[in-house]
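Visitor: Provided below for reference: sequence and predicted model.
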Amino acid sequence: MKTRAITAFFFTIVMLGSIFLGAYTFTFFYLALSIVALLEFYKLVKIGGIRPHRNIAVFAASVMFLLTAAYHFFQFELKYLLLIVPLIFSVFILELYKKNKIPFANISYTFVGFIYVTIPFCFFFALGFLADFSNYSFHLPLAFLLLLWANDTGAYLFGVKFGKTRLFERHSPKKSWEGFFGGMFTSILVSYLIAMQFTEMSPLILGGNVFSDRLFWHFRRSGRVDA
């Protein structure tokens with residue numbers, strides 16, 4: 001537990017540093033992180049006998065992320081995003097050469113990796129350019145991470161102190177409704193503090209992020225490990 005806490009602490013510093021150090025550091029750090037997360041996802045699904053197309057998926061995911069970044073840096077025409085299409089269809093072609101009893105499951109989970117990991121990372125990257133399409137700002141990515149951490153911290157503290165009613169006992173017996181609403185309250189409170197510092201943001205919009213985080217938590221807990 002101590003080792004995990006120390007690792008999380010230093011990784012948090014690295015994450016924050018990548019946000020503050022400018023657009024290019026932000027780009028390449030989260031590109032690397034998205035690839036690591038995608039590989040971890042495919043590692044988990046292989047436990048159930050699924051064989052996703054990991055190599056082509058990692059290459060396609062990298063191209064998707066880099067095209068998203070290049071679209072903001074260079075403002076090229078949207079037609080160049082169609083370069084992703086041949087990579088996507090190559091997954092179907094490669095499956096023809098594999099001797100596997102569940103080909104559609106392999107293809108499906110390959111695409112689920114894009115939807116669950118790569119596309120959210122692309123959206124997170126785009127937050128840095130939401131205020132000004134061609135100029136990077138760390139405000140929204142920082143606010144997003146702060147809200148996630150506030151939600152998790154609030155849910156834990158309120159759950160430990162007041163938790164009695166189980167939220168989803170089949171997947172996580174220790175989670176409670178009191179912790180759930182505590183996380184929401186903490187996130188909304190932090191969103192108001194962020195909006196006071198970064199006046200271009202709305203606290204109501206920021207506070208709404210807590211719902212997506214809770215949805216992700218349910219999906220994560222339905223797997224085999226705490227991803």
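Guide: Now that the structure is in, tell me what you want to look at.
Visitor: how many other residues sit next to K43?
Guide: 11 (other CB atoms under 10 Å). For glycine as for every other residue, the C-beta is placed from the backbone atoms N, C-alpha and C.
Visitor: quick check: phi and psi at the residue of the chain positioned farthest from its centre.
Guide: What lies farthest from the middle of the chain is K99; by CA atoms, centre = their mean that is 32.6 Å. Per-residue torsions, K99: phi -100, psi 90 (degrees, to the nearest 10).
Visitor: what's the distance between it and A57?
Guide: 19 Å (CB to CB, to the nearest Å).
Visitor: ok, Y136 to V63 distance?
Guide: For Y136, the distance to V63 equals 21 Å [CB to CB].
Visitor: same check on G48?
Guide: Applying CB to CB, the value for G48 to V63 is 27 Å.
Visitor: pLDDT weak spots in this structure?
Guide: For the chain, applying pLDDT under 70 flags the ranges 1-2, 167-173, 203-227.
Visitor: tell me where it has strands.
Guide: 166-168, 172-176 (DSSP state E).
Visitor: ok, Y136 and V63, which is more surrounded?
Guide: Y136 (18 against 15).
Visitor: distance of that one from V117?
Guide: From Y136 to V117 the distance is 22 Å (CB to CB).
Visitor: now swap in S18 and tell me
Guide: Counting by CB to CB, the gap from S18 to V117 is 18 Å.
Visitor: likewise for Y192?
Guide: Where V117 is concerned, Y192 sits at a distance of 31 Å (CB to CB).
Visitor: so for these two, which sits in the more crowded spot?
Guide: Neighbour count, other CB under 10 Å: between Y192 and V117, V117 has more, with 23 against 12.
Visitor: pull the contacting residues for the more buried one.
Guide: With contact taken as CB atoms under 8 Å, 6 or more residues apart in numbering, V117 is in contact with 34, 37-38, 41, 61.
Visitor: likewise V190?
Guide: 146-147, 150.
Visitor: what's the answer for L127, then?
Guide: 140-141, 144.
Visitor: out of those, which is most surrounded?
Guide: The residue in the contacts of L127 with the most neighbours, by other CB under 10 Å, is P141 (24 neighbours).
Visitor: these two touch, right, it and A126?
Guide: No - P141 lies out of contact with A126 (CB atoms under 8 Å); the separation is 9.6 Å.
Visitor: CSV for the contacts of V190, including distance to S202?
Guide: As requested, the contacts of V190 are exported to CSV (distance: CB to CB, whole Å):
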residue, distance to S202
L146, 15
L147, 13
A150, 17
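Visitor: which one of the residues you listed is nearest F73?
Guide: Nearest to F73 among the contacts of V190: L146, at 25.6 Å, using CB to CB.
Visitor: measure that closest one to V190 for me?
Guide: Applying CB to CB, the value for L146 to V190 is 6 Å.
Visitor: export the contacts of V190 to TSV and append columns for neighbour count.
Guide: Converted to TSV, the contacts of V190 look like this (neighbours: other CB atoms under 10 Å):
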residue	neighbour count
L146	18
L147	23
A150	23
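Visitor: helices of this protein, start to end?
Guide: For the chain, the helices defined by DSSP state H occupy 2-20, 23-46, 54-74, 84-95, 103-113, 119-127, 139-162, 177-197, 203-207, 209-221.
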